[in-house]
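Provided below are the primary sequence and the corresponding predicted coordinates.
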Amino acid sequence: MRYAIVLLLFFLGFAVAYAPASLLRRYTNDVPGLDIVDPAGTLWSGSGTILTNGRPLGTANWRVRPLSLLKFHLTYDARLFNSEGSELEVTLDTGLERLNLNVTGSIDTVTLNRVLQNWQLSIAGELSVQHVKSSWRNRELDSLDGELDWAGGQVTFNDPNGTGQATLPALTAALSDDGEGGISALLVTADGQTPLVQGRLQRKGQLSINITKLMTRLVGTPWRGDEPDHAIVISLEETVFRPPDR
């Protein structure tokens, strides 16, 4: 009997020590649109390709913090990078019902424009990610706080008269949760407080964008009217994704 218990513990220890990296998908799949493909290594130390809404974002290397095991949850330190120059430092903390993410770093121009092309929009320069913290519970966003900074430069976009171009100053987007499982963003100039764009992505996939009069002037298509700069003069809505069936 004693030998049977020792043998069982040996096999359990072996199974835990060599748990495959693919098991990490159990946690990352809690974030809609996020996935890991071609995982290699183990649950504790490995690598894989990160996809966002089916598009490759880069390669991730991760390693678990050993002391987190004593608290009955896993905390990972990860690095996400690609050949275009993106580099993000990620802390991922997993619990029984909650997943916490803390992200900082930069996203290169090519990767960023790959995402923005869905809205016929492209910008020059990289995006700086300033300590974006989020918490997810049961595959739904519970809280979000952080900032995205862009140094400014040329922007290309579609307007009613065709393709438009403008040179914009440095911009900052403040991110937060909307209290209903969705994401809110407020875009302002880096040295100003007047809103340029207000965005909200609902948890059901509906995206709404409100554009102020000041933004229309910055892009060279000023709104004709006597409204103040902060007034919303253009509103857009579309469905950008559908939540998975449960």
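That came through fine. This is a predicted model, so every value here is computed, not measured.

low pLDDT regions in this protein?
1-32, 72, 160, 241-246 (pLDDT under 70).

redo that, cut-off 50
Across the chain, the ranges flagged by pLDDT under 50 are 1-20.

can you map out the helices along it?
2-17, 25-28, 109-116, 213-218 (DSSP state H).

quick one: the closest residue to Leu187 other than its chain neighbours and Arg63, what's the gap?
Leaving aside its chain neighbours, Leu187 sits nearest to Val197 (4.1 Å; criterion: C-beta to C-beta, 6 or more residues apart in numbering). All C-beta atoms are positioned from the backbone trio N, CA, C, and that covers glycine. Taking C-beta to C-beta, to the nearest Å as the measure, Val197 falls 38 Å from Arg63.

could you do Thr167 as well?
42 Å.

hmm, back to that, the more surrounded of Val197 and Arg63?
It is Val197, of Val197 and Arg63, that has more neighbours when counted by other C-beta atoms under 10 Å, with 18 against 13.

who's that one bridged to?
Note on Val197: beta-bridge partners by DSSP bridges are Leu187, Ile211.

ok now do it, which residues does it touch?
Ala185, Leu186, Leu187, Ile209, Asn210, Ile211, Thr212, Met215 (C-beta atoms under 8 Å, 6 or more residues apart in numbering).

turn those into TSV, columns for neighbour count and distance to Gly225.
Shown next, in TSV, are the contacts of Val197 (neighbours: other C-beta atoms under 10 Å; distance: C-beta to C-beta, whole Å):
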residue	neighbour count	distance to Gly225
Ala185	19	25
Leu186	16	22
Leu187	19	21
Ile209	18	19
Asn210	18	16
Ile211	20	13
Thr212	24	12
Met215	24	14
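
tell me the one of those nearest His230?
Thr212 (5.6 Å; C-beta to C-beta).

from Glu89, how far off is that closest one?
Thr212 is 33 Å from Glu89, by C-beta to C-beta.

over to Gln206?
For Gln206, the distance to Glu89 - C-beta to C-beta - is 31 Å.

run a quick neighbour tally on Trp62.
Trp62: 22 neighbours (other C-beta under 10 Å).

err, Arg224, not the other one
9.

closest one of the contacts of Val197 to Asp77?
Using C-beta to C-beta, those come closest to Asp77 at Ala185, 27.0 Å.

contacts only, for that closest one.
When contacts are counted by C-beta under 8 Å, 6+ apart, Ala185 is found next to Ala173, Ala174, Leu175, Ser176, Val197, Gln198, Gly199, Arg200.

any of these buried? List them.
Ala173, Leu175, Val197, Gln198, Gly199, Arg200 (16 or more other C-beta atoms under 10 Å).

out of those residues, who's nearest Ser83?
Closest to Ser83, out of all of those and judged by C-beta to C-beta, is Ala173, at 25.7 Å.

now do the contacts for that closest one.
By C-beta under 8 Å, 6+ apart, the neighbours of Ala173 are Glu147, Leu148, Asp149, Trp150, Ala185, Leu186, Leu187.
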